[in-house]
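In: Provide a 3D model corresponding to the input given below.
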Amino acid sequence: RMETDCSPMELPNNTGFEEDSDYRDFEGTDVKDMRLEAEAVVNDVLFAVSNMYVSKTLPCAEDVAYINVETRERNRYCLELTEAGLRVVAYDFDQTDDRLQTPYHETVYSLLDSLSPAYREVFGNALLQRLEALKKESQS
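Out: Coordinates of the predicted model:
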């Protein structure tokens with residue numbers, strides 16, 4: 001049997017390569033990952049806004065994706081999704097404005113909460129209905 005200096009079991013789980021995008025997936029499948037992340041964001045909150053979809057015009061890259069959202073107040077935004085979070089990059093679909101210095105939000109909920117009172121109300125009501133349903137389930 002062949003001798004090795006260390007067995008795979010002895011390797012530390014976190015080698016640091018995961019965080020460094022240069023070492024992640026040489027095949028480039030990460031390009032899909034930020035788009036998948038963006039799709040998941042859209043699916044999470046679509047019910048609480050008028051319209052929301054991943055931009056097909058602006059390029060998705062391994063570290064960025066763009067999401068168009070129209071709030072129930074009919075305000076349009078283009079959001080940038082990166083490792084840092086989500087932020088507004090323009091006040092229209094499929095646009096970016098480099099002069100815009102908007103803060104990053106860790107979650108889409110936090111971002112939409114700051115932009116749309118109607119979102120807050122719809123999301124809050126959905127949460128209450130879900131809690132009521134859980135309460136009824138636990139009582140039966």
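In: what secondary structure does residue 86 sit in?
Out: strand (DSSP: H, G, I helix; E, B strand; the rest coil).
In: count of neighbours near it?
Out: Neighbourhood size, residue 86 [other CB atoms under 10 Å]: 25. In short, each C-beta sits where N, CA and C put it, glycine included.
In: show me the contacts for it.
Out: 41, 67, 79-80, 104-105, 107-108, 111 (CB atoms under 8 Å, 6 or more residues apart in numbering).
In: just the buried ones from the residues you listed, in PyMOL syntax?
Out: The PyMOL command for the buried members of the contacts of residue 86 (criterion: 16 or more other CB atoms under 10 Å) is given here:
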select buried, resi 41+67+79+80+105+108+111
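In: can you show me the CA trace of the lowest-mean-pLDDT helix or strand in the chain as PDB?
Out: Ranked by mean pLDDT, DSSP states H and E, the weakest helix or strand in the chain is helix 30-45, scoring a mean of 86. Extracted in PDB, the C-alpha atoms of helix 30-45 (Å, rounded to 0.1, in the frame of the first residue of the first chain):
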ATOM      1  CA  ASP A  30     -20.100  30.100  -9.800                       C
ATOM      2  CA  VAL A  31     -21.500  32.400 -12.400                       C
ATOM      3  CA  LYS A  32     -24.700  30.300 -12.100                       C
ATOM      4  CA  ASP A  33     -24.500  30.500  -8.300                       C
ATOM      5  CA  MET A  34     -25.000  34.300  -7.900                       C
ATOM      6  CA  ARG A  35     -27.900  34.000 -10.500                       C
ATOM      7  CA  LEU A  36     -29.300  31.100  -8.400                       C
ATOM      8  CA  GLU A  37     -29.000  33.200  -5.300                       C
ATOM      9  CA  ALA A  38     -30.800  36.100  -7.000                       C
ATOM     10  CA  GLU A  39     -33.600  33.700  -8.200                       C
ATOM     11  CA  ALA A  40     -34.000  32.500  -4.600                       C
ATOM     12  CA  VAL A  41     -34.200  36.100  -3.400                       C
ATOM     13  CA  VAL A  42     -36.900  36.800  -5.900                       C
ATOM     14  CA  ASN A  43     -38.900  33.700  -5.100                       C
ATOM     15  CA  ASP A  44     -38.800  34.600  -1.400                       C
ATOM     16  CA  VAL A  45     -40.500  38.000  -1.600                       C
END
